[in-house]
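>>> When you get a sec, could you give me coordinates for this:
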Amino acid sequence: MPKRVVLKSKAETPRIESCCGTDCCGGEAGCCGLPAPGCCEVEAVVSVDARGQMILPKEVRVKAGFTENQKLAVVSWRKGSEVCCVTLVRADGLADAVRHAYGPIVTELLRGK
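Numbering: from 1, shown residues only. The predicted model follows:
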């Protein structure tokens, strides 16, 4: 059974208890470290064909707001040396995130020249 950390106040030393079930996961509960129920779900199961291609079902594309010719970045997540998850991120949003992350660093480097 999963464990949860119980704190009655911020000053209290944490103590570990058994998880009270799926009702406590997510939100403010601090139980199990799982996301809140309903935040993630299996939308579809796809297969890879002989050419290495996959088709993202129309229902998923519509729900995600993906449009024709939109660029998506494929991001892999590793656990140790093994890829455990692959996600799709809108490329235009990724460019903004990179600009915000690296912009101050590049600006500082350019000022130093």
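
>>> separation between G65 and L88?
12 Å (CB to CB, to the nearest Å). C-beta: built from backbone N, CA, C; applies to glycine.

>>> neighbour count winner among the two?
L88 (13 against 8; other CB atoms under 10 Å).

>>> Do I have it right that that one meets V74?
Yes - contact criterion CB atoms under 8 Å: L88 and V74 qualify, at 6.3 Å.

>>> List the buried residues for stretch 87-105?
Buried residues in stretch 87-105, counted by 16 or more other CB atoms under 10 Å: R90.

>>> Pull the residues that contact that stretch.
Stretch 87-105 is contacted from outside by 56, 66, 70-75, 77, using CB atoms under 8 Å, 6 or more residues apart in numbering.

>>> cutoff 7 Å now
70-75 (CB atoms under 7 Å, 6 or more residues apart in numbering).

>>> Quick one: mean pLDDT over it.
Stretch 87-105 comes out with an average pLDDT of 84.

>>> That concludes my questions; thank you for your assistance.
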